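K.L.:
Here is my input, please return the structure:
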Amino acid sequence: MTLSEVALEPEQPTTPPRAPRSATWGLTWHGVRTVAVLELRQRVRSTRWIVALVVWFVVVGGITLLTSGALAMLGSGPSDGRASTGPLLFGAVTFLVLGLGLLVTPTLASTGINGDRNAGTLATLQVTLLTPAEIAAGKLLAAWAAACAFLVASLPFLGIAMALGGTPGTALPRVVLLIAILLASVCGIGLGFSALTARTAGSTVLTFLTVAALTLLTPVLFGLTYPSISRTQDVPVNSVPSDWDGQADPECEVTVQERTVPHTERTWWLLGINPFVVLSDGAGTAEGTRITGRDNDPLALIRTGVRELRAGPTLPLDECWVGQSDPPAEPDTVSGAPVWPWGLAVNVLLGAAGYVVAVRRLRIPQRTLARGTRVA
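P.N.:
Predicted coordinates for the structure are as follows:
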């Protein structure tokens, strides 16, 4: 009897192989579209989606018509009433659409991953040829498309505000584009929290808290830090002479006096990342200041105010107000450079970070899962 050697198969490693980077971050339009169509079909079949869209249209339309009627009654006159109330109505409707959009969008994106995982349908997508990047991008695209549907439903009322006059024609497309990008950022943030938490309620709350921090907490922090950036120092002041008797119009002179000066150039960025400030600064409405008659345009007022805060204190301080029929002219030291690119970049980076987190959490196999996480 002869003995022959038999080659044994090598022992398989106990640890699962790590997926290559291309298998995680590979993107094709076909894969993204497949996931997005599946998500949108589920939303369209739901009656709650139709009801929410109808309620949105009624609420925005009702508030727009009521605001328009109130402004028409408070108009200064029949000749310039429409032109003066147009920018005010356009700003009010713009803020209304953005505010309601920031309230609705978190519910559209913050349940995209953990909701499918709890329903047992996420694993079906993960075992297909779809990459984690395609799954996350498809869900993000579907949530953004649903949010843009609410934005499209608001276009007639933005058009009504534009028809009243006083607002440049380029303001409407700029406003719609900025709102769409901000809503896409919120969708990315919600998708990231949906991948991090096991419960849909937890991801929704975290997304709402992030949106509230960007919109409400930033001006609160700016106000709380205001005393800490105020310094008492000697500054030049253009004011009336100290020996003025109050009889004739005085000749103002520049003297060095002690004043409390707020250095807002250190903390203006807290307001710059606010979505409402981003929208106001990038809307492209007519230039205005607090003192030159554009007080009927809230977008211009916010834009000018934030740019003045970015410039910091203007020296010398102008306190020569006696005998002047008009307020002092606005100083030319305020930079006209836009603020919205920086604020929009921060919001987009937050949304991109949420998307990256979602892709990493969708990779399989996963080494560890949270307690109570459903696999299939």
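K.L.:
Okay, the residue sitting nearest the centre point of the chain and Phe222: tell me how far apart.
P.N.:
Nearest to the geometric centre of the chain sits Pro275, at 3.3 Å (CA atoms, centre = their mean). With distances taken as CB to CB, to the nearest Å, Pro275 is found 15 Å from Phe222. For every residue, glycine as well, the C-beta is placed using N, CA and C.
K.L.:
next one: Ala146
P.N.:
Distance of Ala146 to Phe222, computed by CB to CB: 33 Å.
K.L.:
And the two? Which one has more around it.
P.N.:
Ala146 (23 against 19; other CB atoms under 10 Å).
K.L.:
From what I see, that one and Leu108 are in contact.
P.N.:
Yes - counting by CB atoms under 8 Å, Ala146 does reach Leu108; the two are 5.0 Å apart.
K.L.:
returning to what we had before: and the residue nearest to the centre of the chain, its phi and psi?
P.N.:
Backbone dihedrals for Pro275, given as degrees, to the nearest 10, come out at phi -60, psi -30.
K.L.:
show me the contacts for it.
P.N.:
With contact set as CB atoms under 8 Å, 6 or more residues apart in numbering, Pro275 has these partners: Leu98, Leu102, Leu182, Leu214, Thr215, Gly343, Asn347.
K.L.:
Just the pLDDT at it, thanks.
P.N.:
In the prediction, the pLDDT value recorded for Pro275 is 97.
K.L.:
ditto for Pro365
P.N.:
63.
K.L.:
Likewise for Leu88?
P.N.:
We have a pLDDT of 89 for Leu88.
K.L.:
what about it, distance to Ala70?
P.N.:
For Leu88 relative to Ala70 (CB to CB), the value is 10 Å.
K.L.:
Tell me the buried residues in stretch 118-135?
P.N.:
Buried positions in stretch 118-135, judged by neighbour count with 16 or more other CB atoms under 10 Å: Asn118, Leu122, Leu125, Gln126, Leu130, Thr131, Pro132, Ala133, Glu134, Ile135.
K.L.:
what about that stretch, distance to the chain center?
P.N.:
Put simply, stretch 118-135 sits 29 Å off its chain's centre (CA atoms, centre = their mean, to the nearest Å).
K.L.:
got a list of contacts for that stretch?
P.N.:
Around stretch 118-135, the neighbours that count as contacts under CB under 8 Å, 6+ apart are 23-28, 31-32, 34-35, 113, 116-117, 198, 200, 358-360, 362-364, 374-376.
K.L.:
what distance separates the start and the end of it?
P.N.:
End-to-end span of stretch 118-135 (CA to CA, to the nearest Å): 16 Å.
K.L.:
Please work out the average pLDDT along that stretch.
P.N.:
Across stretch 118-135, pLDDT averages out at 87.
K.L.:
With stretch 64-75 instead?
P.N.:
For stretch 64-75, mean pLDDT is 83.
K.L.:
do stretch 205-222 as well
P.N.:
Averaged across stretch 205-222, the pLDDT comes to 96.
K.L.:
where exactly do the strands run in the stretch 101-250 of the chain?
P.N.:
230-239 (DSSP state E, counting those that start in this stretch).
K.L.:
Quick one: the helices in it, in order.
P.N.:
Here the stretch 101-250 of the chain has its helices, by DSSP state H, counting those that start in this stretch, at 114-119, 122-126, 132-153, 155-163, 171-196, 200-212, 218-225.
K.L.:
Just put those in CSV and tack on distance to Leu299.
P.N.:
Listed next are the helices of the stretch 101-250 of the chain as CSV, based on distance: least, CB to CB, whole Å:
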stretch, distance to Leu299
helix 114-119, 37
helix 122-126, 42
helix 132-153, 17
helix 155-163, 11
helix 171-196, 8
helix 200-212, 21
helix 218-225, 16
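K.L.:
Which among those is found nearest to His263?
P.N.:
helix 218-225 (10.5 Å; CB to CB).
K.L.:
List the buried residues of the closest one.
P.N.:
Thr218, Phe222.
K.L.:
Now Arg259. Its backbone dihedrals?
P.N.:
Torsion angles, degrees, to the nearest 10, at Arg259: phi -140, psi 160.
K.L.:
One more: Gly284?
P.N.:
phi 80, psi 20.
K.L.:
Can you give me the distance of the closest residue to it other than its chain neighbours to Ala109?
P.N.:
Counting by CB to CB, 6 or more residues apart in numbering, Gly284 lies nearest to Arg174, which is 4.7 Å off, once chain neighbours are set aside. Using CB to CB, Arg174 is found at 24 Å from Ala109.
K.L.:
Which of the two has more residues huddled nearby?
P.N.:
Neighbours were counted for Arg174 and for Ala109 using other CB under 10 Å; Ala109 has more, 32 against 16.
K.L.:
what residues are up against that one?
P.N.:
Ala109 makes contact with 139-140, 143-144, 147, 186-191, 194, 207, according to CB under 8 Å, 6+ apart.
K.L.:
which stretches of this structure aren't confidently modelled?
P.N.:
1-22, 75-84, 242-243, 245-248, 286-295, 321-335, 365-376 (pLDDT under 70).
K.L.:
run the last query once more with 50
P.N.:
19-21, 77-79, 289-293, 325-330 (pLDDT under 50).
K.L.:
Go through the contacts of Pro275 and say which is closest to Thr260.
P.N.:
Gly343 (28.3 Å).
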